[in-house]
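S.K.: Structure, please.
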Amino acid sequence: MFAVTCARIDREDPLAGLELGERSEPKLPEGWTTVTVRAASLNHHDLWTLRGVGISPDRLPIVLGCDAAGIDEDGNEVVVHAVIGDPEAGGGDETLDPRRSLLSERYDGTFAERVAVPRRNLVPKPPSLSFEEAACLPTAYLTAYRMLFVKSGAQPGSTVLVQGASGGVATALIMLGHVAGYRMWVTSRSEDKRRLALDLGADQAFETGARLPERVDVVMETVGDATWSHSVKSLKPGGRIVISGATSGHAPPAELQRIFFLQLSVIGSTMGTRGELGRLLQFCEQTGARPLIHTRLPMTEAREGFAALALGEQFGKIVFTL
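M.R.: Below you'll find the predicted structure:
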């Protein structure tokens, strides 16, 4: 079968380790099944894998990709939940299983004609969502859903600041927050991306690091070093920062004095559960919200999508189709 594989790690030139071509059919552990992939979406996680983040050379070669929608062995249209974990080991939450992983970390991922997954990881795809739309949801949009609706504690009408305006999680936060009735503010270095964020539903867009008109209730942080100080200073007393990534660096000054004096909360958030993915799909079906797709490419042209992601050219999701 055709697949997109990480064959080597190259921190300086990640695309050098990307291989497209034939791969053996997936093997099925007990309790697993196969999904014929119709669409899969690209995440920064895939680029980080090529750079050796979260994976060791002894696991290579491995098929890339966390997200997919397709057809199961019984002919049902399904969405693949990317978290491979035991809910019981996490107290009912598979993301808290100490041994959890994502597809493409220990097991082959979704950038292939067929992917093997645990049966419990299949979620019915609503008929109103296309395969391409559904394939955008299991990582970026699920991460945003949990940050906003599970972790933030924000009520509709609250002001939520999203640091960075163009990545998959950021655009998901803008769209979901707008539909749910939050006042969504965003930052970006790019004037074009600030304008696109406003078109997507953001109420205001500011240059990265700009002084805001007022302090906000919640900050959604995925950038890290470059925006951390601004995030802390932008919060009202008692506000929260919800963190699901640190793409610019993971060790900024802690600013502990401001955090304890203003009684700020710093909340970590990673992915989401199968149940939350089901609720996200229902949310999209009931509200009409749809993920923003930057471009659709045949999976045979995956290298082009990876190159665009590496350059930061996308606004929204890059989707591969089969």
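
S.K.: Please tell me how far S56 sits from T187.
M.R.: Look at S56 and T187: by CB to CB, to the nearest Å, they are 35 Å apart. C-betas here are computed from N, CA, C, even on glycine.

S.K.: neighbour count winner among the two?
M.R.: T187 (28 against 8; other CB atoms under 10 Å).

S.K.: quick one: the more buried one and A170 touch, right?
M.R.: No - taking contacts as CB atoms under 8 Å, T187 lies outside contact range of A170: 9.4 Å.

S.K.: For these two, list the residues in contact with both.
M.R.: 162-164 (CB atoms under 8 Å, 6 or more residues apart in numbering).

S.K.: I'd like to know which of the residues you listed has the lowest per-residue confidence.
M.R.: Least confident of the shared contacts of T187 and A170 in the model: G164, at 87.

S.K.: so it makes contact with G224?
M.R.: No - G164 is beyond contact range of G224, at 10.1 Å (criterion: CB under 8 Å).

S.K.: more neighbours, these two?
M.R.: G164 (25 against 18).

S.K.: gap between the more buried one and F206?
M.R.: Counting by CB to CB, the gap from G164 to F206 is 12 Å.

S.K.: Which residue lies nearest the spatial centre of the protein?
M.R.: Nearest to the geometric centre of the chain sits A140, at 2.0 Å (CA atoms, centre = their mean).

S.K.: Please list all residues in contact with that one.
M.R.: 41, 43, 67, 167-169, 171-172, 291, 317.

S.K.: Ok, P61 next?
M.R.: 5-7, 19.

S.K.: try 6 Å
M.R.: 5, 7 (CB atoms under 6 Å, 6 or more residues apart in numbering).

S.K.: The one 10 residues further on now?
M.R.: For I71, the contact set (CB under 6 Å, 6+ apart) comprises T36.

S.K.: Quick check: beta-bridge partners of it?
M.R.: T36, E77 (DSSP bridges).

S.K.: how much space is there between it and V35?
M.R.: 7 Å.

S.K.: List the contacts of stretch 106-115.
M.R.: Here stretch 106-115 has contacts from 1-4, 26, 34-37, 40, 62-65, 68, 103, using CB under 6 Å, 6+ apart.

S.K.: which of the residues you listed are the two that sit furthest away from each other?
M.R.: T36 and I62 (19.8 Å; CB to CB).

S.K.: The strand or helix carrying L47: what's the following helix or strand?
M.R.: Element membership for L47 (DSSP states H and E) is helix 44-50. Where DSSP H and E defines the elements, the next helix or strand beyond helix 44-50 is strand 62-63.

S.K.: Give the other helices and strands that that next one contacts.
M.R.: strand 2-6 (3 or more CB pairs under 6 Å, 6 or more residues apart in numbering; DSSP states H and E).

S.K.: Centre of the chain to the next helix or strand after the strand it packs on, how far?
M.R.: Once the chain leaves strand 2-6, the next helix or strand it forms, by DSSP H and E, is strand 18-22. The chain centroid and the centroid of strand 18-22 are separated by 24 Å under CA atoms, centre = their mean, to the nearest Å.

S.K.: quick one, strands of the stretch 51-200 of the chain?
M.R.: Secondary structure of the stretch 51-200 of the chain by DSSP state E, counting those that start in this stretch: the strands cover 62-63, 68-72, 77-80, 83-84, 101-102, 114-118, 122-124, 159-163, 183-188.

S.K.: Could you list the buried residues of the longest one?
M.R.: By that I understand strand 183-188. Judged by neighbour count using 16 or more other CB atoms under 10 Å, the buried positions of strand 183-188 are 183-188.

S.K.: Quick one: neighbours of G238, just the number.
M.R.: 10.

S.K.: What mean pLDDT does whichever strand or helix holds it get?
M.R.: In this assignment (DSSP H and E), G238 forms part of strand 235-243. Mean pLDDT, strand 235-243: 97.

S.K.: And for stretch 303-314?
M.R.: 92.

S.K.: Need the residues that contact it.
M.R.: With CB under 6 Å, 6+ apart, stretch 303-314 has contacts from 15, 42, 47, 294, 297, 318.

S.K.: Direction included, what does the host helix or strand of the fifth one pair up with?
M.R.: The one in question is L297. Using DSSP H and E, L297 sits within strand 293-298. According to DSSP bridges, strand 293-298 forms sheet pairs with strand 317-321 (parallel).

S.K.: returning to what we had before: may I see the buried residues of the helix holding L47?
M.R.: 44-47, 49-50.
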